[in-house]
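Colleague: Show me how the following folds:
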Amino acid sequence: MLGSIAAERLGLNEEMASSFGVAYSLVHTGLVAYHTLEPGQILFYKMFYPFGAMSYDLDPSLIKTKLKIVFERFKSWQNDPQIYTQDIARLQKMADIWKEWDEINE
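Modeller: The predicted structure is shown next:
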């Protein structure tokens, strides 16, 4: 909730701010309900943890830097929805590649 309010005050519209806030809660708490996540929230997680490793002992300055990067990406999606579409397509392509990898290694 606080993440959403802060994101809205920093310039995200209500929908983007809400998505940002939920995604921030995900990376902050580690509590995940994958079936309820939106693509933008999954992208938030992928940007915040690019290697998939959740670590709770991150340096506060690193967390601040990561949040700024992710926030700016959300802002770019708001300003140009085509960027969001491209990012979702890349995420899907990445998922397809990992799926193929898993099938090869079964």
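Colleague: how distant is the helix or strand encompassing residue 96 from the center of its chain?
Modeller: Here residue 96, judged by DSSP states H and E, is contained in helix 81-104. Relative to its parent chain, helix 81-104 has a centroid offset of 14 Å by Cα atoms, centre = their mean, to the nearest Å.
Colleague: Any stretches of this structure with poor pLDDT?
Modeller: Flagging of the chain using pLDDT under 70 yields the residue ranges 1, 30-36, 51-58, 98, 101, 105-106.
Colleague: tell me the centre residue of the protein?
Modeller: Geometric centre of the chain, nearest residue: residue 44, 0.7 Å, by Cα atoms, centre = their mean.
Colleague: Might you report the residue contacts of it?
Modeller: 19-20, 23-24, 26-27, 70, 74 (Cβ atoms under 8 Å, 6 or more residues apart in numbering). Glycine gets a C-beta too; all of them are placed from N, C-alpha and C.
Colleague: let's see it at 7 Å
Modeller: Residue 44 sits next to 20, 23, 70 when contact means Cβ atoms under 7 Å, 6 or more residues apart in numbering.
Colleague: what's the neighbour count on the nearest residue to the first one once chain neighbours are set aside?
Modeller: Closest residue to residue 20 apart from its sequence neighbours, by Cβ to Cβ, 6 or more residues apart in numbering: residue 7 at 4.2 Å. Number of residues near residue 7 (other Cβ atoms under 10 Å) recorded here: 24.
Colleague: Could you check how far residue 7 is from residue 95?
Modeller: 26 Å (Cβ to Cβ, to the nearest Å).
Colleague: ok, back up a step: do you know how far the residue nearest to residue 20 is from residue 69?
Modeller: Per Cβ to Cβ, residue 7 is found 14 Å from residue 69.
Colleague: Check residue 38 too.
Modeller: 19 Å.
Colleague: again with residue 3
Modeller: Residue 3 is 15 Å from residue 69, where distance means Cβ to Cβ.
Colleague: Could you do residue 80 as well?
Modeller: Distance, residue 80 to residue 69, by Cβ to Cβ: 17 Å.
Colleague: Remind me which helix or strand the residue nearest to residue 20 belongs to.
Modeller: Per DSSP H and E: helix 2-9 holds residue 7.
Colleague: Which strands or helices does that helix pack on?
Modeller: Packing partners of helix 2-9 (3 or more Cβ pairs under 7 Å, 6 or more residues apart in numbering; DSSP states H and E): helix 14-29.
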